[in-house]
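>>> Could you look at this predicted model? Sequence included:
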Amino acid sequence: MYDYRYEPHRVVFMIDNKSFFASCEALELGLNPMKAVLAVVSHQPDSKYGSGLIMAASPLAKAKYGLTNVMRVRDLPNKRDAPDLLLVDPHMNLYIKRSMQVLDIFRKYAAEEDIHAYSIDESMIDMTKSWHLFGDDPYLVARKIQLEIKKKLGLYTTCGIGENPLLAKLAMDISAKHRRSMIAYWHYIDVPDTIWQINDMEEVWGIGHRTARHLHRFHINNMYELAHTDPAILKKEFGVIGEQLFAMSWGVDRSIISQKYFPQMKNYGNSQILTRDYTVQREIEIVLREIGEQVAARIRAHRLQAECVSLFVWFSKYQPNGERSGFSVQRKICPTNENDAIVQEILALFRQNWRGEAVRALGITCSQLIPDRYQQLTFLVSPSAQIKKHQVDQTIDEIRQKYGFSSLVKASSLLEGATAIQRSSLVGGHNGGNAYE
DNA sequence: TCTGGGGTCCTAGGACCC
DNA sequence: TCTGGGGTCCTAGGACCC
């Protein structure tokens, strides 16, 4: 047995909002999230825009009609077969607001540095120093937090508790979600009875389909076998990931939440799947310009400049066999956050790499971001013209922040193929009510 | 299973420099 | 000039997460 004496022994809570988006919507309609039969649909079935998918389904919608979160709208049961199924539009801004309210509750139970918001509906809290202020047992404290969230916001939460973040996360994903109490507490001593009982490796956070298949080739079919594989072999075959996989199989994770390293956001990117195949260069380039300007506006808003731009192009699936299915290219650039500079780099990358294929999806990412302390002038254009361009971009951003994206658009956005206006009310690609908030 | 959208991290090979 | 060894930067691609 592994000697866990020198591993961290903390009390970490991993708290997840059950069917978060669907629950927020149910509550808005005055329904109990656990009793509602409801799904949040990114685009309604009759919408001409996009293919549409289920973003979230309430527990009953999943149980009663077999809905899943990645289901396509076209695969939904029809009204006759599911008369009580409610389909609602997403409201990202509402979810962001609720998420903040949940975080405010956590702040009553732990110091700011001990809280880590992992995603919009999942947070990790290191309760080592504070749990005893709220009850006699971490389990009871978790219950208390759950009840407070339920009472104040109506939301149901699931809580995994562990001696480190990994154990807490696994306790939540693997066990708490399926328990009546919606709480599970995993210690190192439980590893043989918990982690090693996991047969479907893909249930484990960090192991996806490809890695599971890869492990399979080495006759590693479950977590027990992973834990009993020579780590040297794992290291050789999987590199750093191999060492991590081995540590995970023994429940080992040495990260401490208050010492969390904030990976400062390295990239900003936007992408979209087009509603149809685009084959006309001009139409594709209009969309590229729109996305490029969207990304540029975001990095300006964060007072950053990009030193690297990447372009992703996915082709229509109807490519002849053996042909490339798309390409992704990137280029180091002179630091900038100007619309035109970024768009020109992107268009150059596109023209160099596109050979007339039908395009179905496009994406642009800006990386290697640096503070926008000064404006880098190039020798090619007069300084005053460059500064003026910068000011124009900024003014447009301000107008849009005040009056919304569509208040001011490029004439090209009114042309055939453009998507910016249609998409302007989306948040994170979803209907948000008001994207420029 | 196939085209939602936004991210992060790791690897490997090539270029270039000392 | 050719072979050496080490380091960094850059690009493309893969894998995974919510």
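Happy to help now that I have it. This is a predicted model, so every value here is computed, not measured. Numbers count the residues shown, from 1 in each chain, chains lettered A, B, ... in the order given.
>>> Can you tell me how far the residue positioned nearest the centre of chain A is from DNA strand B?
A centroid search over chain A (C-alpha atoms, centre = their mean) returns residue A:119, at 7.1 Å, as the residue closest to the centre. For residue A:119, the distance to DNA strand B equals 8 Å [C-beta to the nearest atom of the strand, to the nearest Å]. (C-beta placed from N, C-alpha, C; glycine too.)
>>> helix, strand or coil for residue A:146?
Under DSSP: H, G, I helix; E, B strand; the rest coil, the three-state class of residue A:146 is helix.
>>> pretty sure it is touching residue A:161, no?
No. Here residue A:146 does not reach residue A:161: they are 11.8 Å apart, not a contact under C-beta atoms under 8 Å.
>>> re earlier: the residue nearest to the centre of chain A bridge partners, please.
Per DSSP bridges, the residues bridged to residue A:119 are residue A:122.
>>> all helices of chain A, in order?
A:20-28, A:59-65, A:92-106, A:138-153, A:165-170, A:209-217, A:223-227, A:231-238, A:240-249, A:281-301, A:339-353, A:383-403, A:420-423 (DSSP state H).
>>> Tabulate these in CSV, adding columns for distance to residue A:14.
Listed next are the helices of chain A as CSV, based on distance: least, C-beta to C-beta, whole Å:
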stretch, distance to residue A:14
helix A:20-28, 14
helix A:59-65, 19
helix A:92-106, 12
helix A:138-153, 10
helix A:165-170, 4
helix A:209-217, 22
helix A:223-227, 18
helix A:231-238, 25
helix A:240-249, 15
helix A:281-301, 30
helix A:339-353, 38
helix A:383-403, 36
helix A:420-423, 34
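>>> mind checking which of those helices is nearest DNA strand C?
helix A:209-217 (2.8 Å; C-beta to the nearest atom of the strand).
>>> Mind putting the helices of chain A into CSV with mean neighbour count?
Listed next are these as CSV, based on neighbours: other C-beta atoms under 10 Å:
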stretch, mean neighbour count
helix A:20-28, 24
helix A:59-65, 18
helix A:92-106, 17
helix A:138-153, 17
helix A:165-170, 26
helix A:209-217, 13
helix A:223-227, 20
helix A:231-238, 15
helix A:240-249, 18
helix A:281-301, 21
helix A:339-353, 19
helix A:383-403, 13
helix A:420-423, 16
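>>> Residue A:309: which of these is closest?
Closest of the helices of chain A to residue A:309 is helix A:339-353, at 5.0 Å (criterion: C-beta to C-beta).
>>> what angle separates that closest one from helix A:281-301?
Angle between the axes of helix A:339-353 and helix A:281-301 is 140 degrees (criterion: axes from the mean of the first three to the mean of the last three C-alpha atoms, to 10 degrees).
>>> Got the confidence number for the closest residue to DNA strand C within the stretch 1-150 of chain A?
Relative to DNA strand C, the nearest point of the stretch 1-150 of chain A is residue A:119 (2.9 Å; C-beta to the nearest atom of the strand). We have a pLDDT of 88 for residue A:119.
>>> repeat for residue A:54
Value for residue A:54, per-residue pLDDT: 85.
>>> For it, grab the count of nearby residues.
22 (other C-beta atoms under 10 Å).
>>> residues contacting it?
A:39-42, A:67-73, A:76 (C-beta atoms under 8 Å, 6 or more residues apart in numbering).
>>> out of these, who's near DNA strand B?
By C-beta under 7 Å from any atom of the strand, the members of these lying near DNA strand B are A:42, A:70.
>>> Flag whichever of the contacts of residue A:54 scores worst on pLDDT.
Among the contacts of residue A:54, residue A:70 has the weakest pLDDT, 71.
>>> Disregarding flanking residues, what is the spatial nearest neighbour of residue A:23?
Leaving out its chain neighbours, the residue that sits closest to residue A:23 by C-beta to C-beta, 6 or more residues apart in numbering is residue A:33, at 3.6 Å.
>>> separation between that neighbour and DNA strand B?
Counting by C-beta to the nearest atom of the strand - residue A:33 and DNA strand B are separated by 20 Å.
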